[in-house]
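fold the following, please.
(2 chains)
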Amino acid sequence: MTTAMLIALVVLGGSAGDVFITKGMKQLGEISTLNAGRLLAVFGRAVTNRYFLIGVLFMAVSYFSFLGALRLADLSLVLPATSISFVITTIGARLFLHETISAMRWAGILLVGIGVALISIPAQP
Amino acid sequence: MKTAVVLITAIVAQAFGDVCLTKGMKAITSLETSAGGFSESLSQVSHIAVQTMQSPMVWVGTLLLIVFFVLYSAALSWADLSFVLPATAFGYVLNVAAGHYFLGELVSNRRWAGAVIITLGVLFVSRSGAAHR
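You can find the predicted model right below:
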């Protein structure tokens, strides 16, 4: 398994995880209660929701790929590389969750991705 | 309004969770051994694992990150993923600031620039509304 393949797994796993978790949470419907009993019931439905669980599984794949990538490459390469996931997740949200993404939102997402990449590159020694 | 309250609470919980985890993990000491054999590294790992489990800071940090994930998922029950994900990226900015003020970390100009660009991006995203279909 090469570093590039592992980074791809980190990004795709994380994006797929977010998309599935969103699909699961949307199935539960909007949470609009502060009643403890009702919140507990929602929690129970979330952790038994098929999409939500698949999402968590993808998150785990992403996390372990991240650990694997760190074994082969420096954090200074892996962390900035994964900032592309803001763009990939947004494409996933548009394709699979049919979200409308305005030009304003796209611009913001691109800025966030660039900023995260800048932050995660460590200072030169 | 609900989205803002939930996401801001989530982001603050995440930032403080990360600070607690860092403080907890930095306080952990390794065994003083120069031998590099298998049994030495095994005892080293268990030594670190036991200390991690006994650190209140690590427990508080983990709890705060669970709070983050619960609130993040809750927001996804009504708001767009393409809104919630970039909005929570503001946590990176808080992490840089918290690292600077609470952990005494040196923050380079490039990282401050990154923080400013993220803030701009989050402003753009928040102007686009939490959900529209």
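
is the helix or strand bottoming out on mean pLDDT in chain B in proximity to chain A?
Least confident helix or strand, chain B: helix B:38-54 with a mean of 83, by mean pLDDT, DSSP states H and E. No. Applying C-beta under 8 Å from any C-beta of the partner chain, one finds helix B:38-54 out of contact with chain A, separated by at least 14.5 Å. C-beta coordinates here come from the backbone N, C-alpha and C atoms, glycine included.

may I see the buried residues of that helix?
B:51-52 (16 or more other C-beta atoms under 10 Å in any protein chain shown).

stretch A:47-54 now?
A:49, A:51-52, A:54.

including secondary structure and pLDDT, could the residues you listed go into TSV?
Shown next, in TSV, are those (DSSP: H, G, I helix; E, B strand; the rest coil; pLDDT from 0 to 100):
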residue	secondary structure	pLDDT
A:N49	coil	96
A:Y51	helix	97
A:F52	helix	96
A:I54	helix	97
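
from these, which is closest to chain B?
A:F52 (7.8 Å; C-beta to the nearest C-beta).

quick one: contacts for the spatially closest residue to that closest one that is not a sequence neighbour?
Nearest residue to A:F52, sequence neighbours excluded (C-beta to C-beta, 6 or more residues apart in numbering or on different chains): A:G24, at 3.2 Å. If you count contacts by C-beta atoms under 8 Å, 6 or more residues apart in numbering or on different chains, A:G24 has them with A:46, A:49-55.

and B:K2, how many residues sit next to it?
By the criterion of other C-beta atoms under 10 Å in any protein chain shown, B:K2 has 14 neighbours.

tell me the contacts of it?
B:K2 makes contacts with A:32, B:78, as judged by C-beta under 8 Å, 6+ apart.

then the one 10 residues further on?
For B:V12, the contact set (C-beta under 8 Å, 6+ apart) comprises B:L94.

any idea which residue sits dead centre in chain B?
Centre of chain B computed as the mean C-alpha position; nearest residue by C-alpha atoms, centre = their mean is B:D18, 3.8 Å away.

now that residue: which helix or strand?
Assigned by DSSP states H and E, B:D18 belongs to helix B:2-26.

and the angle from that helix to helix B:38-54?
On the basis of axes from the mean of the first three to the mean of the last three C-alpha atoms, to 10 degrees, helix B:2-26 is oriented at 140 degrees to helix B:38-54.

per-residue confidence averaged over helix B:2-26?
For helix B:2-26, mean pLDDT rounds to 91.

before we move on, what about stretch B:125-133?
The average pLDDT within stretch B:125-133 is 78.
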